[in-house]
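Undergrad: sequence isn't available, so here's the structure alone:
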């Protein structure tokens, strides 16, 4: 176990024969950098150990590689949101509710990955991402 403030180097592979990404720094800086790099909500992983975060980002990296290589997916940049005059409340039956139902309906890890790949914008909502992760862990355990 590294002492507090000691530098750590970690590598996150993207799959067999694929590239990897390397991070270095203290445990706290690594947590932040991993969250930023992999698009995780830093607040939602504060209770996870660095090891648990590494497992999660490793799965994200491998899943992304599989989606890109097996399904031919490509990264599409998100458009800038249009300015609004006032924030709008989510209607009942919101997209988040629909995606939560779809997450619960996934029966395999591949279905779960495909859902993420086709609905990435919905996963910026913390409860959706948390439900997706929990469903993934449940599918792995079974």
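TA: Yep, that arrived. This structure is a prediction, so every number in the text was calculated from the model and none was measured. Numbering: from 1, shown residues only.
Undergrad: can we go C-alpha only for contacts and neighbour counts from here?
TA: Noted.
Undergrad: residues in contact with the helix ranked longest in the chain?
TA: The residue-count maximum for a helix in the chain (DSSP state H) belongs to helix 50-71. Contacts with helix 50-71, where a contact means CA atoms under 8 Å, 6 or more residues apart in numbering, come from 12-15, 18, 27, 31, 34, 38, 45, 73-74, 113-114, 117.
Undergrad: and the two most separated of these?
TA: Comparing every pair within those by CA to CA identifies 27 and 73 as the most remote, at 32.7 Å.
Undergrad: which of these two has more residues huddled nearby?
TA: residue 27 (19 against 14; other CA atoms under 10 Å).
Undergrad: quick one: that one from residue 116, how far?
TA: The gap separating residue 27 from residue 116 is 28 Å, by CA to CA, to the nearest Å.
Undergrad: try residue 56
TA: From residue 56 to residue 116 the distance is 14 Å (CA to CA).
Undergrad: where does residue 107 land in three-state SS?
TA: coil (DSSP: H, G, I helix; E, B strand; the rest coil).
Undergrad: wait, it sits on residue 139?
TA: Yes. Taking contacts as CA atoms under 8 Å, residue 107 lies within contact range of residue 139: 7.4 Å.
Undergrad: where do the helices sit along this structure?
TA: 27-38, 50-71, 95-105, 109-118, 126-141.
Undergrad: distance of residue 52 from residue 110?
TA: 21 Å.
Undergrad: can you list the low-confidence ranges for the chain?
TA: 1-5, 17-18, 73-95, 142 (pLDDT under 70).
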